[in-house]
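Participant: With the input below, show me the fold.
(chains A and B)
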Amino acid sequence: NAGVTQTPKFQVLKTGQSMTLQCAQDMNHNSMYWYRQDPGMGLRLIYYSASEGTTDKGEVPNGYNVSRLNKREFSLRLESAAPSQTSVYFCASSHPTGGPGNTIYFGEGSWLTVV
Amino acid sequence: GENVEQHPSTLSVQEGDSAVIKCTYSDSASNYFPWYKQELGKRPQLIIDIRSNVGEKKDQRIAVTLNKTAKHFSLHITETQPEDSAVYFCAASLNFGNEKLTFGTGTRLTIIP
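Facilitator: Numbers count the residues shown, from 1 in each chain, chains lettered A, B, ... in the order given. Got it, this is the predicted structure:
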C-alpha cells in the first residue's frame, strides 16, 4: 500500500517551460488535491477534485491546470512556468468529510525551482 | 473566504514543559479544525482534529480546545519531547470537510533538551 505517490521529486525549470506533476493514490479516495507550500505561507490549495471528472479551483489556481484522469490519478500542469511558481507541491487525497480516521494523506512533495 | 491566523510563528520550550499554539478563524460557519505536524523535509500528517460540536479533545499528550464564540482554537502539547520538534499547522473548513481546508501559516516548535 503506497498511499499517495507523486513525481518528480525535484525539478528545475526555465521560465516559460511547461511541465506536469503526476500523482496517484491507491486508497480508493474520491477527493484529491494539489497544494503548494511556501515559506511563511503555510499550505495553500491550488485545485481539488471531488470525484473523477470534476475539478474545482482552490485559493491559488492562476497559472495551473489540472486533470483528474481517473479515480486514482490527478495531475497538475504548469503551462508557462514563472519564478513565482517556485515552491514545494504536495498532492493529497482523502475522504471528503473530515473526522476520526478521515485524514488527508499527503504525498512526499515535489520541489520545483523556476529560474 | 475563510482566513486562519496562527501564533506564534516560532516557539521554543524546554523538554518536559508544555507548548501552546493558538489559531483564530474568521468564518463562524467553519466547523472542522484539524492540526497537522510536519517534520523537516517530510509530508504533513494529521495529529488531532476537532469538530465544532466538541469543546475539547485529548489524545495522550496532545489536546485541542475550541472556543466557537471567540472563534479560536488551540493545540496543547504536554511533557514535550525532542521528537515534538516540527512545524505545526492548524486549519479550518466548512461542512466538516477535508475539501477547501484553509491552513494557518505554521508554528515552528523547537524542544530544547
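Participant: Spell out which residues of chain B are next to chain A.
Facilitator: Remark: the part of chain B in contact with chain A comprises B:1, B:6, B:9, B:32, B:34, B:42-46, B:49, B:51, B:89, B:91, B:93, B:95-106, using CB under 8 Å from any CB of the partner chain. All C-beta atoms are positioned from the backbone trio N, CA, C, and that covers glycine.
Participant: just checking, which of those belong to strands?
Facilitator: Here DSSP state E is the test, and the residues of chain B next to chain A give B:Q6, B:Y32, B:P34, B:Q45, B:L46, B:D49, B:R51, B:F89, B:A91, B:T102, B:F103 as lying in strands.
Participant: Share the number of residues neighbouring the first one, please.
Facilitator: Here the count is done by other CB atoms under 10 Å in any protein chain shown, and B:Q6 has 20 residues near it.
Participant: Starting from B:A91, give me the distance back to the closest residue to it other than its chain neighbours.
Facilitator: Of all residues beyond its chain neighbours, the one nearest B:Q6 is B:G104 (3.0 Å), with distances taken as CB to CB, 6 or more residues apart in numbering or on different chains. Plainly put, B:G104 is 7 Å away from B:A91 if you go by CB to CB, to the nearest Å.
Participant: Identify the contacts common to these two.
Facilitator: Listed contacts common to B:G104 and B:A91 are B:V4; contacts here mean CB atoms under 8 Å, 6 or more residues apart in numbering or on different chains.
Participant: coming back round to it: narrow the residues of chain B next to chain A to just the buried residues.
Facilitator: Burial by neighbour count, judged by 16 or more other CB atoms under 10 Å in any protein chain shown, picks out B:6, B:32, B:34, B:43-44, B:46, B:49, B:89, B:91, B:93, B:96-106 from the residues of chain B next to chain A.
Participant: was I right about A:W34 contacting A:T20?
Facilitator: No. With contacts defined as CB atoms under 8 Å, A:W34 does not count as touching A:T20, sitting 11.4 Å away.
Participant: Looking at the two, which one has more neighbours?
Facilitator: A:W34 (27 against 15).
Participant: In the ones in strands among the residues of chain B next to chain A, which has the lowest confidence score?
Facilitator: Lowest model confidence among those falls on B:R51, which carries 89.
Participant: What's opposite that residue in the beta bridge?
Facilitator: Here B:R51 sits in beta bridges with B:Y32, as judged by DSSP bridges.
Participant: do the same with A:L76
Facilitator: Listed beta-bridge partners, A:L76: A:L21, A:V66 (assigned using DSSP bridges).
Participant: burial count for it?
Facilitator: A:L76 has 24 neighbours, counted by other CB under 10 Å.
Participant: Correct me if wrong: it contacts A:V66.
Facilitator: Yes. The pair A:L76 and A:V66 qualifies as a contact (CB under 8 Å) at a distance of 5.5 Å.
Participant: Skipping adjacent residues, who's closest to A:V60 in space?
Facilitator: Sequence neighbours aside, A:R44 is the residue nearest to A:V60 in space, at 5.0 Å (criterion: CB to CB, 6+ apart).
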